[in-house]
Structures are given as C-alpha cells and as structure tokens.
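In: with the input below, show me the fold.
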Amino acid sequence: MPSISSYFFKKGIKAGAKKLKLEEKEVSESRQVIDSFARKFSKLPQNCKVEQLEIEGIYGEWISNHQNEEGKVILYLHGGGYGYCSADTHRTLAARIMLEAGVKVLLPEYRLAPEHPFPAAIDDTLTVYRWLLKQGYDSSNIIFAGDSAGGGLSVASSLVLRDQYDPLPAALVCLSPWVDLTSSGQSYRKNCEKDPYLRCDHVRKTAQQYAGDESLDNHLISPVFADLCGLPPMFIQVGSIEILLSDAEMLAEKARQAGVKVHFKVWEGMWHVWQISAGLPEAKQAVKEIGNFVKKKLI
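Out: The predicted structure follows:
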C-alpha cells in the first residue's frame, strides 16, 4: 500500500511536469531547466564528500565518506533519456546509495544525444570502467548501477564487455530501466495516463534521438532484444504505474531465461525513478534495499 506521502509527491511531480513543459522546449533549454532545478532543490546528505575529476575528457565525481570500504566502487550511470541530466541531477541519489551501501560512488557525465548519439554513452561508460581497472580496482569489486537510461546503459555496456571477453562487473543495479526503446510493452499504453512523469510521445522522440541512424531494436540500444547469457546478477526495481514497467518485466524475464540471477521487485503505486525523491518513505526503503544488495555483493 503506497504511503500517504506518495500521493502528494505524485501530485507535485505531475503538476511540475505540466508546468515546465520540457517536451516543448529545445534540448539545450530543457537541460538548463532540469539542472538548474536540481541545483536549487537537491541537498546532499551529511557526511558526504564530493571530489571532481576528469577521465580521458569525461567529467566525473567521486562521492564518498570516511566509512567507505576500500577498493570497492559503484559506477553510477545517471538517467535522462540519454539526452538530459548530469551529476547535478543525480548527485544526491548517488550519495544516498553510497551511505546505505558503504561503498563510494563514481558518477560520470557521459556524452548526451542528439549531439552524441549511440554508441557514445556506451563508449564513455567503457572508458570510465577500464580506467577504474587501470587504477587497480578489481572487476569483482565494481558494480554498475543506473536509473532509466542509466539502467539500460549498465546492461548494454556489460554486453559489450562480455562479447569482447573483458572482465565483467560484480552485479548490475537497474532502477526503472529503459531497455526497450521500441516502446513495445503493454505498460506504454496501460500506464500512459497513470505515470505522473513520463510521456509516451516524448519517450519515443528521445529514443530516436539516441538511436540516430541505428534501428531501435538494436540489442545494444534496446538490451531486451539481446542474448543476456553470462551477464552478472541483476537487481531491478520498477514502479507499478510507470510506462517503463514492461521494460523491467521483460528484462527480468529474459535475464532469468538466460540463467542470470535476478532480484526483481515491482513497487506498488510508484512512478518512474521514485528513488530520487529523498523525503519519500518508499524512496528511503528502496535505497536501503539497494544498499543491502550491494553489501552482499561487495562487502
């Protein structure tokens, strides 16, 4: 049963999305609005340290505190439809996960579409991951995590690593993962009026901007169409009223069929990436469960 707080959060998100009308703005303007909003209203938890760095031209941030386990890291890939968001929008969520998991987080800003369509985001993710390996981090001590497009990017990047016979991360944490850019799932129709945040037309437009000249069913663009054999264990959270519910369900099922160990949970009454709403009881519990999963895999 969703909390009373979730009712008001959902109302506020829907009203805010309607007021901002991001789908009617140019990409560059939408990015500025989103990042500015995040800088104004996002607040880091106490006892968090943020260190800026650059990895082969890619901006990133280390998010940590003095209690983190040494030699272990979460590589967090932010969402935003491959075209929006940044460290500003996801720093607080990454910090909350860091505190619950007891493991420091590396939050990179991969290149965004439409200026940098597929496979730029994958290329940047692999650059950062291989940099971590060069720094002495063992693949068994690295977890890929991400929300929405970042969840899909975690899976797609792991597919490339597998096919190139590179060491794979210990696990994948996928929050409301966007893994079917063809929008074939039933939830795109079933939940189109329920989802307070995502709009089907805007999702399809963003998908095409990322895919560029490639087909939307390319298995590295839409990983639900890939052979998932040999991938690391997956932890998947999704909301029952979001249009990406089918994406997560299909990913979990395909992974299980491929012999991948999957922890999958549908959160009743929750919307797309509700985990980012720090004051929401369901967000706190979801992040706690993420932390517990990471601890079991890394600590």
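In: for the residue nearest to the spatial centre of the chain, phi and psi?
Out: Nearest to the mean C-alpha position of the chain, by CA atoms, centre = their mean, lies Asp147 at 1.7 Å. The main-chain torsion angles of Asp147 are listed as degrees, to the nearest 10 and equal phi -110, psi 150.
In: run through the bridge partners of it.
Out: Counting by DSSP bridges, Asp147 forms beta bridges with Leu175.
In: and it, how far from Gly57?
Out: Applying CB to CB, to the nearest Å, the value for Asp147 to Gly57 is 24 Å. The C-beta positions use only the backbone N, C-alpha and C, and glycine is treated the same way.
In: report the buried residues of stretch 186-198.
Out: Neighbour-count burial for stretch 186-198, with 16 or more other CB atoms under 10 Å as criterion, is recorded at Ser187, Tyr188, Asn191, Lys194, Asp195, Pro196, Tyr197, Leu198.
In: per-residue confidence, the residue nearest to the fourth one when sequence neighbours are not counted, what does it come out as?
Out: In other words, Lys194. Leaving out its chain neighbours, the residue that sits closest to Lys194 by CB to CB, 6 or more residues apart in numbering is Ile241, at 4.1 Å. Ile241 is assigned a predicted lDDT (pLDDT) of 97.
In: show me where the chain has strands.
Out: 49-55, 58-64, 73-77, 104-108, 142-147, 171-175, 234-239, 262-267 (DSSP state E).
In: next, count neighbours for Ile97.
Out: Applying other CB atoms under 10 Å, we find 25 other residues in the vicinity of Ile97.
In: quick check: it vs Ile74, distance?
Out: Counting by CB to CB, the gap from Ile97 to Ile74 is 7 Å.
In: Gly146 now?
Out: Counting by CB to CB, the separation of Gly146 from Ile74 is 10 Å.
In: joint contacts of those two?
Out: Residues touching both Gly146 and Ile74 comprise Val173, with contact defined as CB atoms under 8 Å, 6 or more residues apart in numbering.
In: buried residues, stretch 215-230. List them.
Out: Neighbour-count burial for stretch 215-230 [16+ other CB under 10 Å]: Leu216, Asn218, Leu220, Ile221, Ser222, Pro223, Val224, Phe225, Ala226, Leu228.
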